[in-house]
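Asker: Pasted the sequence and its predicted model underneath.
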Amino acid sequence: LRLWYYLCSGSRLPSPPVHPTQARTEIPQFSHLERDLLRRYAAYLYYRSRGWVVRPGLALGGVHFLLYAQGPAWRHAAFGVVVDRAEMDGQQLTCAALAVHVRVVHSVGK
């Protein structure tokens, strides 16, 4: 959460708590979590650069982001974004799982 805050704010971390190469060799799950964080951050930056107001959407349908044209105070979200893994060996989002997200987001209407 602290890393996500600093990435979104554009600030630099005062000092890395763990050297990246040490974390990758000592914690096998770190590289998997790091890739997921970087994918979501890349999606966040992409939509912000296109002028969307990006807000977290985990509470509303389990999507990663909600996209607002003007902001949550003026309009409902236009889109819900799910960041999927594009790896051959990883588990990709199935059509059934995507349909669940669509049903929940459509029924919430935020």
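Answerer: On my side now, so go ahead.
Asker: What helices and strands are in contact with the lengthiest helix in the chain?
Answerer: Counting residues, the longest helix found in the chain (DSSP state H) is helix 28-49. For helix 28-49, the packing partners by 3 or more CB pairs under 8 Å, 6 or more residues apart in numbering; DSSP states H and E come out as helix 2-9, helix 20-26, strand 53-56, strand 65-68. Heads up, the C-betas are built off the backbone N, CA and C, glycines and all.
Asker: and stretch 100-110, average pLDDT?
Answerer: The average pLDDT within stretch 100-110 is 67.
Asker: Likewise for stretch 36-45?
Answerer: When pLDDT is averaged over stretch 36-45, the result is 84.
Asker: May I have that stretch as CSV, with CA atoms only?
Answerer: Output in CSV follows, covering the C-alpha atoms of stretch 36-45 (Å, rounded to 0.1, in the frame of the first residue of the first chain):
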residue,chain,number,x,y,z
ASP,A,36,0.7,-7.6,-10.9
LEU,A,37,1.4,-4.2,-9.2
LEU,A,38,3.3,-3.0,-12.3
ARG,A,39,0.5,-4.1,-14.6
ARG,A,40,-2.1,-2.3,-12.6
TYR,A,41,0.1,0.8,-12.3
ALA,A,42,0.6,0.8,-16.1
ALA,A,43,-3.1,0.6,-16.6
TYR,A,44,-3.6,3.4,-14.1
LEU,A,45,-1.1,5.7,-15.9
